[in-house]
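>>> Below is the sequence, then the predicted model.
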Amino acid sequence: MPQEQRRLGAIVAADVVGYSRLIGRDESGTVSRVRQNRAERLDPVLARHGGRLVKLTGDGALIEFASAVEALNASIEFQQSMAEANWGVPPESALLFRVGLHLGDLIVDGDDLYGDGVNVAARLEGAAPPGGIVISGTVHESVAGRVKAALEDLGQLELKNIERPVHAYLVKWDPQDWKEVAAAPPVQPRVEGSQSPGGPFSLPDKPSIAVLPFQNISGDPEQEYFADGMVDDIITGLSRTKRIFVIARNSSFAYKGRSPDIRQVGRELGVRYVLEGSVRRAASRMRIAGQLIDAQTGLHVWADRFEGDIADIFELQDQVTAKVVASIVPNLELAEIERAGRKPTNNLEAYDYFLRGRLSTSRFTVEDHTQALEYFYKAIALAPSFALAYARAAACFVDRQSWGWPVSKNDMQEAERLARKAVELDRTDPWVLSTAGYALAFIGGRVDEGQALIRQSIEHDPNHFLGWTALGWTTLSNGDPTALECFQRAARLNPLHPFLYRVHNGIAATHHVKGDYPQALDWSSKVLAVQPRLLLPLCLKASALAHMGRLSEARVTCDIIRTIEPRVYLSDLSKHFAVARKEILDTLKEGLRLAGLPE
């Protein structure tokens with residue numbers, strides 16, 4: 001008799017509240033809504049956090065995660081996403097889920113899971129309120145202090161068919177902390193270099209690589225940001241080698257916390273090579289282990305280990321980068337490899353603050369961006385010539401404006417000062433040029449000057465996702481429909497970016513500028529499927545519908561706009577959408593006027 005297989009895992013049980021009642025009222029409609037929300041909201045969240053769908057029932061799902069933190073993050077994001085989906089829906093028709101989460105021992109039977117761990121998760125789900133999440137004590141021990149949520153102690157719960165009481169916690173979160181709640185759908189529209197919508201992508205005409213997140217094996221979870229920062233810098237170094245196609249950081253990090261099949265990674269991202277490895281930081285010593293794999297064959301190209309003092313971190317990064325470059329482009333000139341190893345600063349403490357700031361900006365909340373600014377200013381104080389720290393500080397003010405957070409005149413002046421100082425210090429770093437250029441274009445109002453810097457960033461790094469995205473928006477602001485090519489290039493470089501809807505938003509706006517209203521409607525609808533309350537795609541959708549003669553639908557969309565943002569009027573659209581050419585807004589205003597937006 002074969003030995004029973006077991007493993008430790010985080011298991012999520014989710015179930016639709018009042019499913020029988022909903023089915024009784026509208027069977028086909030309810031089934032269709034469940035299926036649609038599963039595809040548009042659950043699947044992208046699982047892709048982002050490494051969840052494996054174990055099984056589906058008519059009204060629920062069982063999902064496995066390798067990490068309790070990822071499991072809870074995914075659960076909150078899904079529930080927040082469903083809250084947005086139910087916005088404006090009558091309570092009796094709302095599609096609500098209960099979620100239970102447990103970390104425990106699982107019995108493995110092929111692709112299926114059984115055992116006490118599954119049973120506890122299912123019973124915790126039954127104890128959760130509609131739209132809520134209840135976790136076990138074992139999950140609490142793993143996630144406390146690591147997820148932006150409050151965990152209310154429910155004490156020991158007596159659960160049906162569970163012999164022992166289970167210590168449980170109710171998860172509570174502030175929706176403002178989880179505004180970015182859904183990744184782009186896993187099936188992407190066709191972009192340059194793809195064979196079909198959503199891939200598999202065809203290989204570029206030059207060596208291509210994705211760098212997966214390195215494992216932090218330091219024994220200290222607090223060093224996670226340091227390991228991630230190292231991988232960021234290796235990706236940046238590789239990107240500066242113009243004869244290599246490098247997948248951007250966000251798509252590579254979609255695999256964080258997972259052990260994916262390398263050949264599958266190659267197919268999903270459209271690359272020939274994959275670099276993976278680990279980082280160990282202990283006292284003053286650092287060890288990096290790396291292995292380069294041919295994603296088509298699964299065979300190792302090389303594997304090596306790099307060791308040194310913590311003060312030599314940049315030299316160790318350079319060694320990894322140079323080894324990768326030399327392995328996949330053997331005849332590359334030494335000068336080009338050396339260019340790939342440029343150091344951002346020689347001050348390790350400043351670099352550490354910079355990494356902490358960069359991590360904080362990834363969370364997109366006012367509080368985190370305020371914290372990020374403090375870190376960047378500390379980095380600048382320690383290393384006054386650290387150009388990238390100035391640029392990222394300027395970017396914090398750009399984010400504040402673009403997300404509708406309070407921005408004063410002094411803030412805008414400070415952003416411009418930081419951006420100009422960054423460029424003054426370094427006119428070769430792509431991140432410095434693109435970030436500073438974007439800040440000048442949309443905070444300083446100097447679109448032509450900002451765009452020139454962004455173009456320089458792409459000349460230095462043709463793989464620069466942010467550069468192509470920024471170039472798309474600045475090109476579009478001048479009314480140039482070639483912005484579409486920029487957005488398509490960005491999507492190819494970063495096909496799994498969790499905020500890819502921003503690029504899709506640009507594609508929708510470009511089609512609107514071109515007068516291709518059916519495409520503008522299609523793409524703005526794709527964005528709204530992920531972020532239903534964003535102002536620009538709602539305006540694009542309403543205008544496109546009106547221009548197409550579908551006035552009743554346009555007016556419904558306009559009503560939604562006015563409900564979300566009652567202060568939007570035709571006369572002040574320029575306050576919401578920064579563009580250089582007046583006629584772009586005029587076309588949008590014409591459509592919105594037909595849709596019923598007041599003057």
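Cool, got the structure. Numbers count the residues shown, from 1 in each chain.

>>> if I've got this straight, Asp480 is in a helix?
No - applying DSSP: H, G, I helix; E, B strand; the rest coil, one finds Asp480 to be coil, outside a helix.

>>> what are the ranges of the strands in the chain?
Counting by DSSP state E, the chain has these strands, from start to end: 5-16, 52-57, 60-65, 97-109, 112-114, 133-136, 150-157, 166-172, 208-211, 215-216, 245-246, 273-282, 285-294, 300-309.

>>> got a list of contacts for the fifth one?
Taking C-beta atoms under 8 Å, 6 or more residues apart in numbering as the criterion, the residues outside strand 112-114 that touch it are 9, 11, 54-55, 62, 64, 106-107. For the C-beta atoms, the positions are set from N, CA and C on the backbone; glycine is no exception.

>>> Give me the buried positions along that strand.
Within strand 112-114, the residues scored as buried using 16 or more other C-beta atoms under 10 Å are Leu113.

>>> Run me through the strand neighbours of it, direction for each.
strand 97-109 (antiparallel) (DSSP bridges).

>>> what's the angle from the strand it pairs with to strand 5-16?
160 degrees (axes from the mean of the first three to the mean of the last three C-alpha atoms, to 10 degrees).

>>> circling back to that earlier point, please work out which of the strands of the chain is packed deepest.
The highest average neighbour count among these, using mean count of other C-beta atoms under 10 Å, belongs to strand 133-136 at a mean of 28.

>>> coming back round to it: export the strands of the chain to CSV and tack on distance to Ala544 and mean pLDDT?
Formatted as CSV, the strands of the chain follow (distance: least, C-beta to C-beta, whole Å; pLDDT from 0 to 100):
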stretch, distance to Ala544, mean pLDDT
strand 5-16, 33, 84
strand 52-57, 35, 80
strand 60-65, 35, 87
strand 97-109, 32, 86
strand 112-114, 46, 77
strand 133-136, 37, 94
strand 150-157, 42, 90
strand 166-172, 39, 91
strand 208-211, 35, 86
strand 215-216, 46, 83
strand 245-246, 34, 86
strand 273-282, 40, 84
strand 285-294, 45, 83
strand 300-309, 48, 81
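
>>> Looking at these, which is nearest to Ala470?
strand 245-246 (17.7 Å; C-beta to C-beta).

>>> what's next to that closest one, contact-wise?
Contacts for strand 245-246 (C-beta under 8 Å, 6+ apart): 204, 206-211, 235, 238-239, 271, 463, 493.

>>> same check, this time on stretch 468-476
434, 437-438, 441-442, 447, 450-451, 454-455, 457-458, 482-484, 486-487, 489-490, 493, 502-503, 506, 509-510, 513, 579, 584.

>>> Show me which of these are buried.
434, 437-438, 441-442, 447, 450-451, 454-455, 457-458, 483-484, 486-487, 489-490, 493, 502-503, 506, 509-510, 513, 579, 584.

>>> Among the residues you listed, which ones are in helices?
434, 437-438, 441-442, 447, 450-451, 454-455, 457-458, 483-484, 486-487, 489-490, 493, 502-503, 506, 509-510, 513, 584 (DSSP state H).

>>> With distance to Ser543 as added columns, please give the strands of the chain in TSV.
Shown next, in TSV, are the strands of the chain (distance: least, C-beta to C-beta, whole Å):
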stretch	distance to Ser543
strand 5-16	36
strand 52-57	38
strand 60-65	38
strand 97-109	34
strand 112-114	49
strand 133-136	38
strand 150-157	41
strand 166-172	39
strand 208-211	38
strand 215-216	48
strand 245-246	36
strand 273-282	43
strand 285-294	48
strand 300-309	51
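
>>> His369: which of these is closest?
Here strand 150-157 is closest among the strands of the chain (C-beta to C-beta), at 21.4 Å.

>>> Off-centre distance for that closest one?
On the basis of C-alpha atoms, centre = their mean, to the nearest Å, strand 150-157 sits 31 Å off its chain's mean C-alpha point.

>>> Equivalent analysis for stretch 509-519, please.
On C-alpha atoms, centre = their mean, the centre of stretch 509-519 falls 26 Å from the chain's centre.

>>> avg pLDDT for stretch 497-515?
Averaging pLDDT along stretch 497-515 gives 85.

>>> now the nearest residue to Pro260 once chain neighbours are set aside: how far from Ile247?
Leaving aside its sequence neighbours, Pro260 sits nearest to Leu212 (C-beta to C-beta, 6 or more residues apart in numbering; 7.8 Å). From Leu212 across to Ile247, the span is 10 Å (C-beta to C-beta, to the nearest Å).

>>> for Glu125, same thing?
Distance from Glu125 to Ile247, by C-beta to C-beta: 37 Å.

>>> More neighbours: those two, which one.
Using other C-beta atoms under 10 Å, the more surrounded residue of Glu125 and Ile247 is Ile247, with 29 against 23.

>>> I'd guessed the more buried one sits against Ala490; true?
No - if you go by C-beta atoms under 8 Å, Ile247 and Ala490 don't touch, sitting 11.9 Å apart.

>>> which parts of stretch 513-524 are buried?
513, 516-517, 519-524.

>>> care to break the protein down by domain?
Domain segmentation of the chain under automatic domain parsing yields 5-178, 208-339, 353-470, 500-599.

>>> Quick one: closest of these to Asn347.
domain 353-470 (4.1 Å).

>>> just for the stretch 451-599 of the chain, where's the confidence low?
498-499, 575-581 (pLDDT under 70).

>>> Tell me how far Ala508 lies from Thr557.
Taking C-beta to C-beta, one finds Ala508 at 13 Å from Thr557.

>>> Kindly report the same for Ala422.
For Ala422 relative to Thr557 (C-beta to C-beta), the value is 40 Å.

>>> So which of the two has more stuff around it?
Ala422 (29 against 25).

>>> okay, now Arg272: neighbour count?
20.

>>> wait, it sits on Ile293?
No - using C-beta under 8 Å, Arg272 is not in contact with Ile293; the gap is 10.0 Å.

>>> any shared contact partners between these two?
Common neighbours of Arg272 and Ile293 (C-beta under 8 Å, 6+ apart) do not exist.

>>> can you tell me which residues contact Ser278?
214-217, 288-289.

>>> Pick the one among those residues closest to Leu545.
Nearest to Leu545 among the contacts of Ser278, with distances taken as C-beta to C-beta, is Phe214, at 47.3 Å.

>>> Phi and psi next, for that closest one.
phi -80, psi 150 (degrees, to the nearest 10).

>>> State the distance from it to Cys396.
For Phe214, the distance to Cys396 - C-beta to C-beta - is 26 Å.

>>> and if you look at Ser32?
Ser32 is 42 Å from Cys396, by C-beta to C-beta.

>>> Neighbour count: those two, which is higher?
Regarding Ser32 and Cys396, a neighbour count based on other C-beta under 10 Å identifies Cys396 as having more, with 24 against 11.
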